[in-house]
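In: Build the 3D model from these lines:
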Amino acid sequence: MRLYLSSYRIGDRAGSLLALLGNGRRAAIIENALDNISPAARELYRHEAYDPVSELGSLGIVATPLDLRQYFGDPEGLRARLSQFDLVWVTGGNAFVLRRAMKQSGFDDVIVDMLDNDEIVYGGFSAGAVVAAPSLEGIHLIDDPDEAPKGYDRETIWDGLGLIDHAIVPHYRSPHSESPAAERAVRHLCSRGLRYRALRDGEVIVWTENRMASVDLTRRIA
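Out: Next up, the predicted model:
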């Protein structure tokens, strides 16, 4: 299983991402974590703050947007589409909105199967990274778990994808607006004795181990 989990954008290990990809250079970009903001605000964000097509393109990766909303209720169609890519790159935003989109499209089951069979690389930052954990516990102190855009189920999903065996807290002690909330999330996880890794912006987890069959979150990791 090949994972590239960053606190913010590509981070400081772009070479490791290219190594995970080998000769692959086709990426699907998933930005559904931003579905709780207006299309105009998304365009402004893409223009002024972050354009994933350009960032991946600077590494020689050809990136194409993929909207999970187009596959709500159609996991087979989504799997067929994802099979055309070497990398899925999941951007930041609201992790609970993103997790809803993954559930309603069947992405959660599809990506686990594809990763287990080493058919694709999963990469992402902020919300795209935290959903790889077993649970979104603690992330509710950073993102609003009740955000449910039009067309989304309102039930909050607390389970993560379970790709790794610990929680991820992004933007920790970083020049980012969510850094104070990240501190609160770390204190919350510590108080409950839960395993986590706090990432400063620039830091990346590169994971090449097999997915854990069962996960124990009860011991904190450094």
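In: and the closest residue to Pro149 other than its chain neighbours, what does it touch?
Out: In this structure, Pro149 finds its nearest non-sequential neighbour in Asp35, 4.5 Å apart by CB to CB, 6 or more residues apart in numbering. (C-beta placed from N, C-alpha, C; glycine too.) Contacts for Asp35 (CB atoms under 8 Å, 6 or more residues apart in numbering) come out as Arg69, Gly93, Val97, Ala101, Pro149, Tyr152.
In: And Arg46, which helix or strand is it part of?
Out: Taking DSSP states H and E as the definition, Arg46 sits inside helix 39-48.
In: How about the helix or strand following that helix, which residues are buried there?
Out: Reading on from helix 39-48 to the C-terminus, the next helix or strand found by DSSP H and E is helix 52-57. For helix 52-57, the neighbour count (16 or more other CB atoms under 10 Å) marks Pro52, Val53, Glu55, Leu56 as buried.
In: if I pick the residue nearest to Gly93 when sequence neighbours are not counted, what's in contact with it?
Out: Take Gly93 and drop its neighbours on the chain: the residue closest to it by CB to CB, 6+ apart is Ala33, 2.7 Å away. Counting by CB under 8 Å, 6+ apart, Ala33 makes contact with Val90, Thr91, Gly92, Gly93, Asn94, Ala95, Val97, Leu98, Ala101, Ser126, Ala127, Gly128.
In: Tell me which two of these sit farthest apart.
Out: Greatest spatial distance among these (CB to CB): Ala101 and Ser126, at 15.0 Å.
In: of those two, who's got more company?
Out: Set Ala101 next to Ser126 and count neighbours by other CB atoms under 10 Å: Ser126 wins out with 29 against 26.
In: Quick check: closest non-adjacent residue to that one.
Out: Gly92 (3.1 Å).
In: now the lowest-mean-pLDDT helix or strand in the chain, how far from the chain's geometric center?
Out: Across the helices and strands of the chain, mean confidence by mean pLDDT, DSSP states H and E is lowest for helix 39-48: a mean of 79. Remark: helix 39-48 is offset 20 Å from the chain centroid, using CA atoms, centre = their mean, to the nearest Å.
In: got the buried residues for it?
Out: Buried residues in helix 39-48 (16+ other CB under 10 Å): Tyr45, Arg46.
In: Stretch 139-146 too?
Out: Of the residues in stretch 139-146, Ile139, His140, Leu141, Ile142, Asp143, Pro145 count as buried by neighbour count, 16+ other CB under 10 Å.
In: And the fifth one, how far from Leu82?
Out: Distance, Asp143 to Leu82, using CB to CB, to the nearest Å: 25 Å.
In: Export only the CA atoms of stretch 107-115, formatted as PDB.
Out: Presented in PDB, the C-alpha positions along stretch 107-115 are these (Å, rounded to 0.1, in the frame of the first residue of the first chain):
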ATOM      1  CA  PHE A 107     -14.900   5.700  -2.700                       C
ATOM      2  CA  ASP A 108     -14.100   4.400   0.800                       C
ATOM      3  CA  ASP A 109     -14.500   0.800  -0.200                       C
ATOM      4  CA  VAL A 110     -13.100   1.200  -3.700                       C
ATOM      5  CA  ILE A 111      -9.900   2.900  -2.600                       C
ATOM      6  CA  VAL A 112      -9.200   0.400   0.100                       C
ATOM      7  CA  ASP A 113      -9.500  -2.500  -2.400                       C
ATOM      8  CA  MET A 114      -7.300  -0.700  -4.900                       C
ATOM      9  CA  LEU A 115      -4.700   0.100  -2.400                       C
END
